[in-house]
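Student: Predicted model and sequence follow; I will ask about them next.
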Amino acid sequence: MGVAIPQSFSEKYPKQRMTKKTIRAADALLEAQKIAFAPFIFQSSVTLKKLRVFDLIFESRDQGGITISDISEKLGISRYGLGVLLEFSESADIVTKSENGAYELTKIGYFLNYNKTVNVNLNFTHDVCYKGLFHLDEAIATGKPSGLKELGQWDTIYEGLSQLTPKEQQSWFEFDHYYSDGVFEEALKRVFKNQPKLLFDIGGNTGKFALQCFNYDENIQVKIIDLLGQLNKALKNIGDAGFEERVSGQEINWLKPNPKIPAGADVIWMSQFLDCFSEDEILKILSTCVASMNAQTELIIIETFTDRQEYPMSKFILEATSLYFTVMANGNSKMYPSTVFKDLIIEAGLIISEDLKLGEYHTMLVCKKK
């Protein structure tokens with residue numbers, strides 16, 4: 001950095017203890033400054049992606065990169081605009097510049113522009129969460145999703161999903177589906193192990209899991225139980241696919257007093273649904289399901305638990321998602337460790353008959369009535 005540090009960090013700040021890693025004061029200060037200017041890094045990166053500057057730089061890699069003048073000519077963007085964006089991106093280690101002024105993407109820049117997971121997260125942050133995050137302190141103080149007003153006037157985001165703009169809906173559903181759809185195929189083998197005839201899909205979303213069930217087993221009937229907006233969308237998608245004779249629906253709002261679901265399900269399915277609620281609300285939902293179950297009914301929960309992630313990056317993403325729940329979704333839920341769910345499952349009157357790993361990130365809990 002070119003900054004002279006006259007004494008060690010611990011000598012200058014004797015009350016500060018480095019509990020995890022030893023880091024030079026200059027490096028720690030740089031990281032702190034990156035946090036201070038994080039919105040600038042984020043928005044400049046989004047802008048460079050939108051303007052296709054990153055694409056053009058990458059496409060020019062075999063020519064040793066590309067200069068600002070050539071970028072300006074090819075994309076019709078002013079040299080000034082490109083200058084302020086790329087100079088800052090170079091400082092943020094997203095691009096490099098050679099001695100002759102040619103820009104190339106770093107590994108960080110490459111992943112930022114082309115990695116699917118990063119792009120799902122970036123679009124979700126930009127289109128759904130960014131403006132609302134300004135109200136995070138209010139959300140913490142009140143227990144309400146105070147940032148949601150940036151999208152619409154609803155008590156929770158789930159009530160407004162069908163009313164979001166097309167871009168907001170696209171980014172929300174891509175984020176939601178990206179972290180769930182990948183395990184459906186593996187999960188179906190266990191779901192249909194005992195040849196169920198009726199499955200309740202709690203929080204059916206757009207109907208994607210129900211459609212997979214219909215294609216997996218020609219006899220299965222599915223009842224989707226969800227808020228009216230999502231329920232109507234799911235039923236339409238399933239009808240358009242030609243399975244309207246095998247699906248039914250029930251509108252429900254789990255936040256209202258005394259919710260009820262009917263009896264008769266062989267399997268009750270909840271995929272990344274319960275993390276949308278507080279612990280008290282999860283207990284209410286599970287207890288409601290228990291009241292509808294018999295000794296043979298299986299309640300299957302799919303979650304990405306924070307304490308079961310092999311890689312630090314996965315835990316980081318999940319804990320960032322918890323802040324989305326705090327400020328945008330409902331104000332009182334989060335991505336939970338498995339220990340919390342186990343306690344709630346037992347308290348609701350269930351036992352865990354199987355505890356299975358799905359893919360790299362997910363856990364399947366198969367529960368039966370005590």
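Tutor: Happy to help now that I have it.
Student: what's near enough to touch residue 270?
Tutor: 202, 203, 299, 300, 301, 302 (CB atoms under 8 Å, 6 or more residues apart in numbering). (Glycine included, C-beta is placed from N, CA and C.)
Student: gap between it and residue 282?
Tutor: According to CB to CB, to the nearest Å, residue 270 and residue 282 sit 10 Å apart.
Student: Could you do residue 210 as well?
Tutor: Remark: distance between residue 210 and residue 282 (CB to CB) = 23 Å.
Student: Could you work out the end-to-end span of stretch 289-308 for me?
Tutor: Chord length of stretch 289-308, first to last residue, is 26 Å (CA to CA, to the nearest Å).
Student: buried sites along it?
Tutor: Using 16 or more other CB atoms under 10 Å as the test for burial, stretch 289-308 gives 289-290, 292-293, 297-306, 308.
Student: which pair in the residues you listed spans the largest distance?
Tutor: 292 and 306 (29.4 Å; CB to CB).
Student: In which helix or strand does residue 224 reside?
Tutor: Secondary-structure assignment from DSSP states H and E places residue 224 in strand 221-226.
Student: Can I get that strand in CSV, CA atoms only?
Tutor: C-alpha atoms of strand 221-226 as CSV (Å, rounded to 0.1, in the frame of the first residue of the first chain):
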residue,chain,number,x,y,z
GLN,A,221,-51.7,-36.4,-6.6
VAL,A,222,-50.4,-33.1,-5.3
LYS,A,223,-52.1,-30.5,-3.2
ILE,A,224,-50.3,-27.2,-3.2
ILE,A,225,-50.7,-25.2,0.0
ASP,A,226,-49.6,-21.5,-0.3
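Student: got the contact list for the helix or strand that it is followed by?
Tutor: As assigned by DSSP H and E, the chain's next helix or strand after strand 221-226 is helix 228-240. Here helix 228-240 makes contact (CB under 8 Å, 6+ apart) with 158-163, 203-208, 210-211, 214, 224-226, 244, 247, 249-251.
Student: got the CA positions of helix 228-240 in PDB?
Tutor: Extracted in PDB, the C-alpha atoms of helix 228-240 (Å, rounded to 0.1, in the frame of the first residue of the first chain):
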ATOM      1  CA  LEU A 228     -53.100 -17.000  -2.900                       C
ATOM      2  CA  GLY A 229     -50.700 -15.200  -5.300                       C
ATOM      3  CA  GLN A 230     -48.200 -18.000  -5.500                       C
ATOM      4  CA  LEU A 231     -50.900 -20.700  -5.500                       C
ATOM      5  CA  ASN A 232     -52.600 -19.200  -8.500                       C
ATOM      6  CA  LYS A 233     -49.300 -19.000 -10.400                       C
ATOM      7  CA  ALA A 234     -48.400 -22.600  -9.500                       C
ATOM      8  CA  LEU A 235     -51.800 -23.900 -10.500                       C
ATOM      9  CA  LYS A 236     -51.600 -22.100 -13.800                       C
ATOM     10  CA  ASN A 237     -48.100 -23.400 -14.600                       C
ATOM     11  CA  ILE A 238     -49.200 -27.000 -13.800                       C
ATOM     12  CA  GLY A 239     -52.400 -26.600 -15.900                       C
ATOM     13  CA  ASP A 240     -50.400 -25.300 -18.800                       C
END
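Student: And for residue 318, the neighbour number?
Tutor: 23 (other CB atoms under 10 Å).
Student: One more: the one 3 residues further on?
Tutor: Applying the criterion other CB under 10 Å, we find 21 residues in the vicinity of residue 321.
Student: which residues pair with residue 299 across the strands?
Tutor: Counting by DSSP bridges, residue 299 is bridged to residue 268, residue 367.
Student: May I ask you to confirm that it is in contact with residue 268?
Tutor: Yes: between residue 299 and residue 268 there is a contact at 4.5 Å, judged by CB atoms under 8 Å.
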